[in-house]
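Peer 1: Let's see this in three dimensions:
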Amino acid sequence: MEDLREDRPVDLVAALARARSSERPGADTPAGTAVRTWPGPPLPIPEAGPADLDLRTLLLLSLAASDDSGRLRPASSAGALHPVDAELVVGAGCSLPPGRYGYDPLRHRVHPIGRPADGTPPGVTAELSVTARRTVSHYGHRAWPLLLLDTGHAAAALFLAARALRVDEPATRLDGLTGNPLAAVHIPPPDGRSPTRRAGGTRVPEAAGGPPTPAELLARRSTAPPLPGAPSDDALRAVLSVAVRAGGSELRWCAAVGPPRPGLVELTPEGTALRRYAAGEARPALAAWAAGQAWVADAGAVLLAHGCPGDADAAHIRLAHLRAGFAVHLAHVTARRHGLAARPVGSWQQADLGAALGAAPDRDWVVHALALGTCHADEENTT
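Peer 2: Purely as a prediction, here's the structure:
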């Protein structure tokens, strides 16, 4: 197995199989810098004109750090390590001149790194890649699924920020076909038109309740455990509905619930009600699978993205995990709108859900999750 601290192509099939195993990571290694070191001088992002896309606010609502360490940012990240880097390809109609820029989320500055290619559409395309070393420093061989999930969360944060600015057609590329960039989000100017309006062949839904407000996006955080208290059926149905619509056809979604009727529930085909998917208390098993995080067993409910069989190729692995991160991020916003506490759970070992339910092994694995509760813990130190 190659040294995962190096940011170079990785055998994703082997990396995922190893991450899913019971092997424990070794000691922590140095994480390196909190953000990528971009060439060129740092520049402030100018104020937007009346007809321009406001890049300063867009990035503030999606990727910018709100503390000096860089741990607190609008997009969730495993261990608050934030490995996702953004290059901005800026066309006409933006508050920056056309060009290619590297974004520094700690200083909320951009670095000019090149000219835009011919045919660059109006607006901005944020190309997302990762510095693997940051996540590998703590999670070791378990890092690559988390890197992909974090990229999906970052893409969703950009999508929601665009909607908060009332952009009608933000479009994401989460097809899993390339390793660098892993994903891209195109946001046209306020009255612009872009030829890129599809994500994986379908229109991307947003969190239930319409576009978010800037204040809502700046306030979102992952709630620190514990997360007790069972969500209402209406709230759970809303969260599941957003996840199903945003997650694409590569994933299935259900939720583990506790008494009085513990088991797994899913949406009916019409999406109007919950139905029982499997009987029995699943949350203790999920806690064991989730890197031994005992608090998961007492969460009010646990939303689960599952699929991605053991024989999936690299493109399928990227697609499933990017989509899972994207969908969980939107589901998280919906959960908060329903008054729920919520926390993404990304590290899963031996979590063969299909085999646990009596189906063929190695076909239906837990990919990502969102723990839900009704009782909020202190959020001052959440990430």
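Peer 1: Residue 246 looks like it's in a helix, true?
Peer 2: Yes: judged by DSSP: H, G, I helix; E, B strand; the rest coil, residue 246 forms part of a helix.
Peer 1: That one: neighbour count?
Peer 2: 29 (other CB atoms under 10 Å). No exception for glycine: its C-beta is placed from N, CA and C like everyone else's.
Peer 1: again, but for the one 5 residues further on
Peer 2: Residue 251 sits with 22 neighbouring residues when counted by other CB under 10 Å.
Peer 1: From residue 357, how far out is it?
Peer 2: Distance of residue 251 to residue 357, given as CB to CB, to the nearest Å: 16 Å.
Peer 1: And the closest residue to residue 150 other than its chain neighbours, how far from residue 283?
Peer 2: With CB to CB, 6 or more residues apart in numbering as the criterion, residue 150 has its nearest non-adjacent residue at 4.9 Å, and that residue is residue 77. The gap separating residue 77 from residue 283 is 24 Å, by CB to CB.
Peer 1: Residue 353 now?
Peer 2: For residue 353, the distance to residue 283 - CB to CB - is 13 Å.
Peer 1: The two - which one has more neighbours?
Peer 2: residue 353 (25 against 20).
Peer 1: can you give me phi and psi for the residue nearest to residue 150?
Peer 2: With angles defined as degrees, to the nearest 10, residue 77 sits at phi -150, psi 140.
Peer 1: show me what contacts it?
Peer 2: Residue 77 is in contact with 83, 84, 150, 153, 383, counting by CB atoms under 8 Å, 6 or more residues apart in numbering.
Peer 1: Tell me the strands beside the helix or strand hosting residue 343, with direction?
Peer 2: Assigned by DSSP states H and E, residue 343 belongs to strand 341-345. With DSSP bridges as the test, strand 341-345 is paired with strand 365-373 (antiparallel).
Peer 1: from the chain's centre, how far out does the strand it pairs with sit?
Peer 2: 12 Å (CA atoms, centre = their mean, to the nearest Å).
Peer 1: related to what we said a few turns ago, could you dump the contacts of residue 77 into CSV with distance to residue 366 and pLDDT added?
Peer 2: Below are the contacts of residue 77 laid out as CSV (distance: CB to CB, whole Å; pLDDT from 0 to 100):
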residue, distance to residue 366, pLDDT
83, 21, 97
84, 22, 98
150, 17, 98
153, 17, 98
383, 22, 44
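Peer 1: Would you reformat those residues as a markdown table and include distance to residue 54 and neighbour count?
Peer 2: What follows is those, written out as a markdown table (distance: CB to CB, whole Å; neighbours: other CB atoms under 10 Å):
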| residue | distance to residue 54 | neighbour count |
| --- | --- | --- |
| 83 | 26 | 26 |
| 84 | 21 | 29 |
| 150 | 25 | 30 |
| 153 | 22 | 29 |
| 383 | 26 | 17 |
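Peer 1: Among those residues, name the ones in strands.
Peer 2: With strands taken from DSSP state E, the overlap with the contacts of residue 77 comprises residue 84.
Peer 1: Which one of the contacts of residue 77 is nearest to residue 279?
Peer 2: Set against residue 279, the nearest of those by CB to CB is residue 153 (32.0 Å).
Peer 1: quick one: low-confidence ranges for this protein?
Peer 2: 1-8, 192-208, 376-383 (pLDDT under 70).
Peer 1: could you show me where the helices are in it, in order?
Peer 2: 12-19, 55-60, 132-139, 143-164, 214-219, 233-247, 283-289, 314-337, 353-356 (DSSP state H).
Peer 1: In CSV, list those helices along with distance to residue 102.
Peer 2: CSV is the format used below for the helices of the chain (distance: least, CB to CB, whole Å):
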stretch, distance to residue 102
helix 12-19, 25
helix 55-60, 12
helix 132-139, 16
helix 143-164, 15
helix 214-219, 23
helix 233-247, 28
helix 283-289, 37
helix 314-337, 21
helix 353-356, 39
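Peer 1: count of neighbours near the residue nearest to residue 329 when sequence neighbours are not counted?
Peer 2: Closest residue in space to residue 329, ignoring its immediate chain neighbours: residue 156 at 3.5 Å, by CB to CB, 6+ apart. Applying other CB under 10 Å, we find 32 residues neighbouring residue 156.
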